[in-house]
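**Student:** Let me see the structure of the following:
(one chain, ligands or ions: 1)
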Amino acid sequence: MRAYGIEFKEGPDGFGVYASKDVQPLRRPRMIMKIPLELMLTVSKKQPWMFFPDIIIPVGHPIFDIINSTNPETDWDLRLACLLLYSFDCKDNFWQLYDDFLPSKEECTNLLLATEDDLLELQDEDLASAMRKQQSRAFEFWEKNWHSGVPLKIKRLAREPERFFWALGIAQSRCINIQMRVGALVQDANMLVPYADMLNHSPEPNCFFHWRFKDRMLEVMINAGQEIRKGEEMTVNYMPQQKNNMFMERYDFSSPVNPWDEIQFSGNARIHLDSFLSIFNI
Ligand SMILES: C[S@@+](CC[C@H](N)C(=O)[O-])C[C@H]1O[C@@H](n2cnc3c(N)ncnc32)[C@H](O)[C@@H]1O
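**Tutor:** Numbering: from 1, shown residues only. Predicted coordinates for the structure are as follows:
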């Protein structure tokens, strides 16, 4: 992996990507990382399932049947979580090293791992009930596929449901959607891209993402919409036009300056939902 003009550092939102030199606003995208395709975990969105590029699941391995058993329309995250767990189990796989950069189960604040008390503390019944549904879906999937009769090579991937919930949270909060080309076939795919997944979100981002495949590398490019000074964090917008509830569900955080959460009053008055609730101590 190569990095250009950036460094990875811990900041207020966990690890992030920071400029290691001044960046001028550019009209053309600038490359900040080159990542070998071999390091990524990719699963196509539709059947036939394609795993790309490096982890070749041996024919007949039961993880393939598990991946195959999920709903092609919706369950991309379950498939990617299975692939992540499988790669942790493959000898000398890169993801065993990259695990050091990922939040552990104990550090992970994803709401899939939240207890009932945590969910009640959110004081947001809609969000809590959405998360309960997500937790049941994940638990049912784990129970169906990790019951006591399964072969050891499956069992050891996620002995406890929490391990599966953790992998699912990682897949949801770090995956990007991308089009991949295999020969003449172009497929939409979900991809875990190490290092690029260190970019944090801002509703007022200073960068925009671009991707390019070249020579078996994924080039991560950014368009700096404004000047970025050395030492400043580079941010992108994960989901434009989405409210904080969506961010909480998928990424475990909300933003006090998310413009899609502003409450509009008659006239020009506006107040952000977070500030509005805090007035009432909610
Ligand atoms: C793709 S990862 C980014 C790298 C991450 N900060 C880390 O330490 O590995 C996404 C996760 O980073 C955190 N994150 C990203 N942007 C954030 C923000 N604006 N505020 C709070 N947390 C954020 C959330 O935990 C989110 O689930």
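
**Student:** which regions of the stretch 1-150 of the chain sit below the pLDDT cut-off?
**Tutor:** For the stretch 1-150 of the chain, the stretches with pLDDT under 70 are 52-55.

**Student:** The ligand contacts on that one?
**Tutor:** Within reach of the ligand by Cβ under 6 Å from any ligand atom, the stretch 1-150 of the chain has these residues: 13-16. Where C-beta positions appear, they are placed from N, C-alpha and C, glycine not excepted.

**Student:** top of those residues by neighbour count?
**Tutor:** When neighbours are counted by other Cβ atoms under 10 Å, Gly16 leads these with 19 neighbours.

**Student:** thinking again about what came up before, now the two most distant members of the residues of the stretch 1-150 of the chain next to the ligand.
**Tutor:** Asp13 and Phe15 (8.4 Å; Cβ to Cβ).

**Student:** How many residues are close by Pro25?
**Tutor:** A count of nearby residues for Pro25, using other Cβ under 10 Å, gives 11.

**Student:** Outside of stretch 158-174 itself, list whatever touches it.
**Tutor:** Stretch 158-174 is contacted by residues 77-78, 80-82, 84-85, 102-103, 105, 108, 110, 112-113, 135, 138-139, 141-143, 146, 157, 190, 192, 197, 250-252 when judged by Cβ atoms under 8 Å, 6 or more residues apart in numbering.

**Student:** Quick check on those residues: which are buried?
**Tutor:** 77-78, 80-82, 84-85, 102-103, 108, 110, 112-113, 135, 138, 141-142, 146, 157, 190, 192, 197, 250-252 (16 or more other Cβ atoms under 10 Å).

**Student:** Among these, which lie within strands?
**Tutor:** Counting by DSSP state E, the buried ones among the contacts of stretch 158-174 place 190, 192 in strands.

**Student:** re earlier: out of the residues of the stretch 1-150 of the chain next to the ligand, which one sits closest to the ligand?
**Tutor:** Gly14 (2.5 Å; Cβ to the nearest ligand atom).

**Student:** List the residues that contact the residue nearest to that closest one when sequence neighbours are not counted.
**Tutor:** Nearest non-adjacent residue to Gly14, counting by Cβ to Cβ, 6 or more residues apart in numbering: Pro103, 6.9 Å away. By Cβ under 8 Å, 6+ apart, the contact list for Pro103 reads 14, 109, 170.

**Student:** now Ser202
**Tutor:** Neighbouring residues of Ser202 by Cβ under 8 Å, 6+ apart: 235-237, 255.

**Student:** Quick check on it: phi, psi?
**Tutor:** phi -140, psi 140 (degrees, to the nearest 10).

**Student:** Likewise for the one 5 residues further on?
**Tutor:** The main-chain torsion angles of Cys207 are listed as degrees, to the nearest 10 and equal phi -140, psi 160.

**Student:** Tally up the residues packed near it, please.
**Tutor:** Cys207 - counted by other Cβ under 10 Å - has 25 other residues nearby.

**Student:** Read off the pLDDT value for the nearest residue to it once chain neighbours are set aside.
**Tutor:** Spatial nearest neighbour of Cys207, excluding adjacent residues (Cβ to Cβ, 6+ apart): Ile222 at 4.0 Å. Predicted confidence (pLDDT) for Ile222: 88.

**Student:** go on, Ser266?
**Tutor:** pLDDT, Ser266: 56.

**Student:** Can you tell me the SS state at Leu120?
**Tutor:** For Leu120, the assignment made with DSSP: H, G, I helix; E, B strand; the rest coil gives helix.

**Student:** on that earlier part again, what's the next secondary structure element after the strand or helix carrying the residue nearest to Cys207?
**Tutor:** Taking DSSP states H and E as the criterion, Ile222 maps to strand 217-224. Counting by DSSP H and E, the next helix or strand C-terminal to strand 217-224 is strand 233-236.
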